[in-house]
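Asks: Just to be clear, the model below is a prediction. Sequence and coordinates:
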Amino acid sequence: MVRLGERIFLVVGEDFFQRQRAIESIKKKIPKSSSLNTITLYCREIDLKVLKENLFTFSFDKEKILIFKETQNLSSRVKDFLFKNIKKIITFNYVIFEIERDYQKLNKDKDFIKDKFFSFLFRKATPFKLSSFFLKASLEDFKLSIRRGDLNSSLFILEKLFKEVPKRKDILGMQILGILINEFGFLKNPYEKEKYFSYLWEADRKIKEKGIDSHLAITQALVKMFLR
């Protein structure tokens, strides 16, 4: 018999990177996860007909990992469907529900607690309660966001990094510029590489010669590079 807690996982937290780490941690614990298809569903956009096809039509006999993003935005129809069919769904699927809310605040939300689907998740799923208070950004996170071309994440991490070292911004700024030079040094298009490097040299001059705040100078460079 399949236990609900072994197949259903709940990730709750405000910070994007904490949630991603939790999801990756869950996937590593799932047997043979590397050989399973992963389907990511964005709850605000879910069409019930398409959802049914993903769950019961496509490779029905093959196990999958289903990740529901922004679970708090599920429509009433989809929640009712999931609630009524969850035992059938987890027969061939591992399901990760991700909620972009602070766990403590969510636990005090009366409308949320009274919702039969969400109260079911809180009672039956294996929970991953995340606290953004303890999260520390890392230079590795910054590198990954650059490689993904994700400007919003890059700026978010950059802000966290500078908040964590308020007294040594100049040193951190040089570290980050070094990372950017290294990352964009692999570009094959010579024109694009020259353009990117010109923005980085400009940021370097602003910091060293004009005394402009490192965070501001690098932020301006990133915006120019990604929104050119």
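Replies: Nice, I can see it. Numbering: from 1, shown residues only.
Asks: what about the longest helix in this structure?
Replies: helix 190-208 (DSSP state H).
Asks: Now the element after that helix, going C-ward?
Replies: As assigned by DSSP states H and E, the chain's next helix or strand after helix 190-208 is helix 214-226.
Asks: name the helices or strands packed onto that next one?
Replies: Judged by 3 or more C-beta pairs under 8 Å, 6 or more residues apart in numbering; DSSP states H and E, the packing partners of helix 214-226 are helix 151-164, helix 169-184, helix 190-208. (Each C-beta comes from the backbone N, C-alpha and C, glycine too.)
Asks: average pLDDT for the shortest one?
Replies: Translated: helix 151-164. Across helix 151-164, the average pLDDT comes to 82.
Asks: Buried residues, the helix or strand bottoming out on mean pLDDT in the chain. List them.
Replies: When each helix and strand of the chain is scored by mean pLDDT, DSSP states H and E, helix 103-106 comes last, with a mean of 76. Judged by neighbour count using 16 or more other C-beta atoms under 10 Å, the buried positions of helix 103-106 are 103, 106.
Asks: Following element in sequence after it, please.
Replies: Later in the chain than helix 103-106, the nearest helix or strand by DSSP H and E is helix 110-114.
Asks: Figure out how far whatever helix or strand comes next after that following helix is from the centre of its chain.
Replies: For helix 110-114, the succeeding helix or strand toward the C-terminus, using DSSP H and E, is helix 116-124. Its chain's average C-alpha position is 23 Å from that of helix 116-124, according to C-alpha atoms, centre = their mean, to the nearest Å.
Asks: Check which element follows helix 116-124 along the chain.
Replies: Going down the chain from helix 116-124, the next helix or strand is strand 126-129, by DSSP H and E.
Asks: wait, what's in contact with residue 154?
Replies: Contacts for residue 154 (C-beta atoms under 8 Å, 6 or more residues apart in numbering) come out as 142, 145-146, 222, 226.
Asks: Centre of the chain to the host helix or strand of residue 144, how far?
Replies: Per DSSP H and E: residue 144 is located in helix 139-147. Offset of helix 139-147 from its chain centre (C-alpha atoms, centre = their mean): 13 Å.
Asks: before we move on, what about stretch 39-52?
Replies: Centroid separation for stretch 39-52 versus its chain: 18 Å, with C-alpha atoms, centre = their mean.
Asks: Could you export that stretch as CSV, CA atoms only?
Replies: Below are the C-alpha coordinates for stretch 39-52, written out as CSV (Å, rounded to 0.1, in the frame of the first residue of the first chain):
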residue,chain,number,x,y,z
ILE,A,39,6.6,17.7,-15.3
THR,A,40,6.4,21.2,-13.9
LEU,A,41,2.9,22.7,-13.7
TYR,A,42,2.3,26.4,-13.0
CYS,A,43,-1.0,26.5,-11.0
ARG,A,44,-2.2,29.9,-12.1
GLU,A,45,-2.2,28.6,-15.7
ILE,A,46,-3.4,25.0,-15.3
ASP,A,47,-6.2,23.8,-17.6
LEU,A,48,-8.1,20.9,-16.0
LYS,A,49,-8.4,19.0,-19.3
VAL,A,50,-4.6,19.3,-19.9
LEU,A,51,-3.9,18.3,-16.3
LYS,A,52,-6.0,15.1,-16.7
